[in-house]
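**Q** Got a predicted model here, sequence first, then my questions.
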Amino acid sequence: MIKIDMESVEFKQELQNTKEFADKICASQGFVYNPIEDVNEGVLMGLARNKIIYNKRYCPCFMVIGETKEERKAADNRICPCKPALEVEIPNDGKCHCGIFCTPEYARANAIEEEAETVAHTHSRGLSKQECEALLKHEQLDTDEIIALLEARELGMIDFNLVDVREWMEWNNERIKGTDYLIPTTSFYNQLDKIEDQKEKPTILYCFTGSRSAYCQQVLKDMGWKQVSNYTHGIITFNGEKESGGE
């Protein structure tokens, strides 16, 4: 294992060189940096490290294969900015695999998502409609995000279905206030007619710990539901309003 001293003059100078290198890539290709600074910092440090060790800025998100220069060339290791990023990842996903180089559109959308998560977790203010829409695109949601989205729905800012996929006795004993449907996992296919005509409407699923709802999430996605989110840790971690009883 080769250890690089991050406080050394050599590393600091190469890190500065790498930052200038990345700036030029953004300018020439029309890219922007990831709005999450930690992502950029980590990638730049990895590129600088590889430049010191291998004299090439190999992508730090992949293994560098080969002991010699010839072997590494034959292995076709990714060198920043790599061909897969330029030709496939950025055009299709809006960002490279490492996440440092993004399209302006991806960066703007991601910045909104980051702000939405910050607001939801700090409760510093209510979510905006745009932030709500960004959160609903997440495949996994936590407690703070569920509570924030329910509050926003109460205000008429956004609409979605909240679906409990536990069994009736669990739902009757305790459920999240605002639950729209009970569709138990054990009879999931048979009861999907309740929301069959709402495939375009964002849907959030939850169960006790997040495992059953994750399974049902994949079922809905496979069946054509447009936006399906899973409450990752389930009602067991929910500290918002609950209710019980019913038919």
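**A** Nice, I can see it.
**Q** Quick test: name the residue nearest the centre of this protein.
**A** For the chain, the residue nearest the mean C-alpha position is residue 138 (6.2 Å; CA atoms, centre = their mean).
**Q** Tell me the first helix or strand C-terminal of the lowest-mean-pLDDT helix or strand in the chain.
**A** Within the chain, no helix or strand scores below helix 104-122, which has a mean of 75 by mean pLDDT, DSSP states H and E. Using DSSP states H and E, the next helix or strand after helix 104-122 towards the C-terminus is helix 129-135.
**Q** For residue 183, see how far away residue 22 is.
**A** 48 Å (CB to CB, to the nearest Å). No exception for glycine: its C-beta is placed from N, CA and C like everyone else's.
**Q** same check, this time on residue 108
**A** Taken as CB to CB, the span from residue 108 to residue 183 is 36 Å.
**Q** Show me the domain layout of the chain.
**A** According to automatic domain parsing, the chain comprises the domains 9-102, 138-243.
**Q** Can you lay out those domains as a markdown table showing mean pLDDT and distance to residue 132?
**A** Putting the domains of the chain into a markdown table (pLDDT from 0 to 100; distance: least, CB to CB, whole Å) gives the following:
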| stretch | mean pLDDT | distance to residue 132 |
| --- | --- | --- |
| domain 9-102 | 92 | 19 |
| domain 138-243 | 93 | 4 |
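**Q** ok, residue 88 to residue 156 distance?
**A** Taking CB to CB, one finds residue 88 at 41 Å from residue 156.
**Q** What of residue 186?
**A** Distance from residue 186 to residue 156, by CB to CB: 34 Å.
**Q** now residue 128
**A** Residue 128 is 13 Å from residue 156, by CB to CB.
**Q** who's more crowded, those two?
**A** A direct count of neighbours by other CB atoms under 10 Å for residue 128 and residue 156 places residue 128 higher, at 15 against 8.
**Q** so where do the strands sit in the chain?
**A** In the chain, the segments counted as strands under DSSP state E are 32-33, 101-102, 140-141, 161-164, 175-176, 181-182, 203-206, 228-231, 242-243.
**Q** what lines up beside the first one in the sheet?
**A** Partner strands for strand 32-33, per DSSP bridges, with pairing direction: strand 101-102 (antiparallel).
**Q** Residues touching the partner strand, excluding its own?
**A** 22, 25-26, 29, 31-35, 81, 85, 90, 94-96, 110 (CB atoms under 8 Å, 6 or more residues apart in numbering).
**Q** Ranking by neighbours, what's the top pick from those?
**A** So for the contacts of strand 101-102 (other CB under 10 Å), the most neighbours sit at residue 96, 25 neighbours.
**Q** show me where the protein has helices.
**A** 9-29, 37-54, 69-74, 83-84, 90-93, 104-122, 129-135, 143-154, 168-173, 188-191, 211-222 (DSSP state H).
**Q** Mind putting those helices into TSV with distance to residue 234?
**A** TSV is the format used below for the helices of the chain (distance: least, CB to CB, whole Å):
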stretch	distance to residue 234
helix 9-29	41
helix 37-54	28
helix 69-74	46
helix 83-84	37
helix 90-93	30
helix 104-122	18
helix 129-135	18
helix 143-154	10
helix 168-173	11
helix 188-191	16
helix 211-222	7
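**Q** Can you tell me which of the ones you listed is nearest to residue 241?
**A** helix 143-154 (8.3 Å; CB to CB).
**Q** buried ones in the closest one?
**A** By neighbour count on 16 or more other CB atoms under 10 Å, the buried set for helix 143-154 is 143, 144, 145, 146, 147, 148, 149, 150, 151, 152, 153.
**Q** For residue 93, see how far away the third one is.
**A** Residue 145 is 23 Å from residue 93, where distance means CB to CB.
**Q** Equivalent analysis for the fifth one, please.
**A** Applying CB to CB, the value for residue 147 to residue 93 is 30 Å.
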